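[1] here you go, sequence then predicted model.
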Amino acid sequence: MKDVTIKTYSDDGHRKQVIALWESVFAYNAPHNGPALSIDKKLEFNDGLFFVAVEGDVVVGTVMGGYDGHRGWIYSMAVAPAHRRKGVGAKLMAHAEQALIEKGCVKINLQILGGNESVVAFYEKLGYAVEQRVSMAKKISKNVPRT
């Protein structure tokens, strides 16, 4: 774990590895959640809140944050299975949290997909608590490229 460092995402150096990691870790099958589209949309926004954990030149984890001027969000947190339970996720989260705090964030939110509740304990150890909310979404299909 001491050889794992957190870096700001670089499209040239990290893209292929991040896409491969997300395809192996996330069970997304909807076009709007495609790794390439998610990365492209994040890079268009260019807020400096997309980080990778690397061991040497190998991406072993990612975290993508967002900030709306009040609340921060954690998106696309992933750690390669071989690197789990070694502190990589906690290190990624601490880095993302610090970046959000430096932007003036007053609260950080995250969502966990149904079926992945096993990670609740991980986030609780980092100080997060389950809040009673109803999460709703509206897909804007005209902004999702057809595959």
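    Right, received. Where do you want to start?
[2] this protein: strands as residue ranges?
    4-8, 50-55, 58-67, 71-79, 107-110 (DSSP state E).
[3] what angle separates the third one from strand 4-8?
    Just to be clear, that refers to strand 58-67. Between the axes of strand 58-67 and strand 4-8, defined by axes from the mean of the first three to the mean of the last three Cα atoms, to 10 degrees, the angle is 50 degrees.
[4] on contacts alone, who are the packing partners of strand 58-67?
    Helices and strands in packing contact with strand 58-67 are listed as helix 11-25, strand 50-55, strand 71-79, helix 88-102; criterion 3 or more Cβ pairs under 8 Å, 6 or more residues apart in numbering; DSSP states H and E. Where you see a C-beta, it was placed from the backbone N, CA and C, and this is true even at glycine.
[5] pull the distance from the shortest one to the chain's centre.
    If I follow you right, that is strand 50-55. For strand 50-55, the separation from the chain centroid amounts to 10 Å (computed by Cα atoms, centre = their mean, to the nearest Å).
[6] what are the pairing partners of it, and which direction each?
    The sheet places strand 50-55 alongside strand 4-8 (antiparallel), strand 58-67 (antiparallel), with pairing taken from DSSP bridges.
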